[in-house]
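Engineer: following is a predicted model, sequence given first.
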Amino acid sequence: MRAVVLVGGFGTRLRPLTDATPKQLLPVAHRPMIEHSVGHLAHHGVTEVVLSMGFRPDAFKATYPDGTCAGVPVCYAVEPEPLDTAGAIGFAARDAGIDETFLACNGDVLTDLDVDALIERHRTTSAEATIALTSVDHPARYGVVPTDDNGRVLSFVEKPPVGKAPTNLVNAGTYVFEPSVLDRIPAGRPTSVEREIFPAMAADGTLFAMASDDYWVDAGTPASYLAANLHLVDHPEGGTHPEAYVDPTARVCGSVIGPGAVVAPGASVDASLVLDGATIRENARVEGSIIGPKANIAAGASVTGLSVVGPGTTVESGERLDGIRRPEPEG
Ligand code: GDD
Ligand code: MG
């Protein structure tokens, strides 16, 4: 089975971390997010991945110069312009010559979803496409997907107004597609799978879904990206990287500290992500926040409340950042 993985978005919600790095190359437990998703697909029998790229394709090619990611052969489909989710899937699948049942996935999703079970379910119905669903507390940020008792999708409502979602089951961003889905996607213009293709298929009665309560997170916001990292804090690959330095008088608790990062005497880091080469100086305090690569938190500063400090950015001595992005993203 081949999979198209979407990695071409701008990662706007994770700025400034994504100013120069595509979202899917940001680390989760010290490895680019995309390696977790591709590795998971490989575990379920995917033998080749087509990365559907727009924004900064060179960054992927530089990270995987030998054309493999998590041990899986990857090929690159680079859009001439952002084609939105369906346009991107169509472009990549045609580029790779896909003409049989295939998987398509959002590249910012981390999950333990049983992909084999999803494929199996797809095959037992007459579905043209089957989408994985997960239950969330706040569905308005996602694609909301009511189904009948047989799993047939009744309608697909992308990001409904808050309080208007008909169910808490949402699109989990992993799809099994018959190649006929490609005939629904016009070439050469931006098309949204969520706003155009899925609603049309739901109206035709050819779209099915399968819910599961497997671990699932869309790591596309500061809160969820931090949560994805903290989820793996006790994993052998998570926590403090062997090439980080934490002074014995510093206090690090429930946090991920990247390679080359330094936590100086008397500093404290709680429930936070400190990326590679960042420095937390004497008596500084970091709590529930993300410190970008090579950022510098000066002595006595405090960074709390889901603040995000960008790559190479300094927080001056004695400053207090609470729920702040630095630098403030434009627009
Ligand atoms: N190649 C390409 N081109 N990729 C794109 C483009 C594009 O024009 N636009 C977005 N992407 C990629 C993003 O990089 C990401 O991996 C994926 O498509 C989904 O885009 P997001 O921007 O992360 O969407 P979302 O999180 O708001 O919503 C989507 O995911 C939710 C679950 O994770 C939707 O599919 C929702 O329905 C879904 O519930
Ligand atoms: Mg997302």
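Structural biologist: Great, that's in hand. Numbering: from 1, shown residues only. Ligands and ions are numbered 1, 2, ... in the order given.
Engineer: just so I have it, where are all the helices in the stretch 1-150 of the chain?
Structural biologist: 33-43, 57-63, 84-95, 115-124 (DSSP state H, counting those that start in this stretch).
Engineer: dump these to JSON lines, plus mean neighbour count, mean pLDDT and distance to residue 212.
Structural biologist: Where C-beta positions appear, they are placed from N, C-alpha and C, glycine not excepted. Output for the helices of the stretch 1-150 of the chain, formatted as JSON lines (neighbours: other Cβ atoms under 10 Å; pLDDT from 0 to 100; distance: least, Cβ to Cβ, whole Å):
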{"stretch": "helix 33-43", "mean neighbour count": "21", "mean pLDDT": "97", "distance to residue 212": "14"}
{"stretch": "helix 57-63", "mean neighbour count": "15", "mean pLDDT": "92", "distance to residue 212": "29"}
{"stretch": "helix 84-95", "mean neighbour count": "24", "mean pLDDT": "97", "distance to residue 212": "21"}
{"stretch": "helix 115-124", "mean neighbour count": "17", "mean pLDDT": "98", "distance to residue 212": "7"}
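Engineer: and those helices as a markdown table, adding distance to ligand 2?
Structural biologist: Shown next, in a markdown table, are the helices of the stretch 1-150 of the chain (distance: least, Cβ to the ion, whole Å):
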| stretch | distance to ligand 2 |
| --- | --- |
| helix 33-43 | 11 |
| helix 57-63 | 17 |
| helix 84-95 | 10 |
| helix 115-124 | 18 |
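Engineer: and those helices: which comes nearest ligand 1?
Structural biologist: Distance to ligand 1, taken as Cβ to the nearest ligand atom, is lowest for helix 84-95 among the helices of the stretch 1-150 of the chain, at 3.4 Å.
Engineer: out of the helices of the stretch 1-150 of the chain, nearest to residue 200?
Structural biologist: In terms of Cβ to Cβ, the element of the helices of the stretch 1-150 of the chain nearest to residue 200 is helix 84-95, at 10.2 Å.
Engineer: pretty sure residue 200 sits in a helix.
Structural biologist: Yes. Under DSSP: H, G, I helix; E, B strand; the rest coil, residue 200 falls within a helix.
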